[in-house]
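**Q** What follows is a predicted protein model with its sequence.
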Amino acid sequence: MADKEKKIKKKKAKEDAPAEEAPAAAPAADRQSSRGSRKAKRTGSNVFSMFSQKQVAEFKEAFQLMDHDKDGIIGKGDLRATFDSLGRLAVEKELDDMVNEASGPINFTQLLTLFANRMSGGSDEDDVVINAFKTFDNDGKIDSERLRHALMTWGDKFSADEVDEAYDQMEIDDKGFIDTGKLITMLTASAEEEEGGEAA
């Protein structure tokens with residue numbers, strides 16, 4: 001409340017100030033506010049810079065479709081309405097988990113941040129990694145050529161050199177199969193576990 005009063009007083013003081021004094025006072029005020037706004041823009045622009053303009057436009061359209069109450073925030077009610085419109089019933093816990101995944105209210109920038117984290121692998125839980133590799137699993141083994149094809153074809157495509165580099169870290173048997181369990185353990189082990197494993 002006090003901050004609002006200060007802002008109102010400052011605004012009135014600027015309006016009442018003579019025109020000659022305004023230019024002299026403006027550079028210092030501009031400099032100070034531009035630093036703050038630059039910092040704010042820089043923080044937000046990092047998220048926006050991760051996507052093309054077309055992607056941002058598509059995310060904005062999706063956000064507007066999901067924001068059923070049009071308040072600029074996607075809440076649990078908005079998510080429920082979105083699922084309902086898709087013909088899918090969402091459980092209360094599922095909705096709570098989705099809303100709680102964000103660090104604050106889910107406005108458009110926060111939604112982009114969530115997408116960016118997912119795309120950068122920042123939120124890959126162990127179960128996500130496990131399920132991804134289990135799709136390639138056949139009786140405890142993964143066909144290395146099938147996995148190579150997938151890594152070089154879909155998603156963030158690997159180059160042949162990147163696949164070879166990754167494969168250098170894996171145990172591949174003489175028939176070209178990777179032990180699924182060992183691969184998952186290697187990928188989901190914490191840094192402490194890895195250091196402990198190497199020292200032993």
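**A** Great, that's in hand. Numbers count the residues shown, from 1 in each chain.
**Q** C-alpha from now on. contacts and neighbour counts both.
**A** Noted.
**Q** now the strands for the protein?
**A** Under the criterion DSSP state E, strands of the chain are mapped to 137-138, 141-143, 177-179.
**Q** And the ones you listed, which one averages the lowest pLDDT?
**A** In terms of mean pLDDT, the lowest-scoring of the strands of the chain is strand 137-138 (a mean of 90).
**Q** mind listing what that one pairs with, with the direction of each?
**A** Strand 137-138 has these partner strands in its sheet, going by DSSP bridges: strand 141-143 (antiparallel).
**Q** mind listing what residue 102 touches?
**A** By C-alpha atoms under 8 Å, 6 or more residues apart in numbering, residue 102 lies in contact with 110, 111, 114.
**Q** ok, how many other residues are close to residue 142?
**A** By other C-alpha atoms under 10 Å, the residues close to residue 142 number 22.
**Q** which residue sits closest to residue 113 in space, ignoring its chain neighbours?
**A** Of all residues not flanking residue 113 in the chain, residue 47 sits nearest, at 5.9 Å (C-alpha to C-alpha, 6 or more residues apart in numbering).
**Q** ok, residue 49 - how many residues close by?
**A** Look at residue 49: counted by other C-alpha under 10 Å, it has 11 neighbours.
**Q** any idea how far residue 73 is from it?
**A** Note on residue 49: its distance to residue 73, by C-alpha to C-alpha, to the nearest Å, is 22 Å.
**Q** repeat for residue 52
**A** For residue 52, the distance to residue 73 (C-alpha to C-alpha) stands at 23 Å.
**Q** Between the two, which is the more surrounded one?
**A** Using other C-alpha under 10 Å, the more surrounded residue of residue 52 and residue 73 is residue 73, with 19 against 10.
**Q** For the more buried one, give me its contacts.
**A** So residue 73 contacts 67, 105, 106, 107, 108 (C-alpha under 8 Å, 6+ apart).
**Q** Mind doing that once more with 10 Å?
**A** Each residue near residue 73 by C-alpha atoms under 10 Å, 6 or more residues apart in numbering is listed here: 63, 64, 66, 67, 105, 106, 107, 108, 110, 111.
**Q** The fourth one contacts residue 81, doesn't it?
**A** Yes - applying C-alpha atoms under 10 Å as the test, residue 67 and residue 81 come out as touching, 8.9 Å apart.
**Q** Between the two, which is the more surrounded one?
**A** residue 67 (22 against 18).
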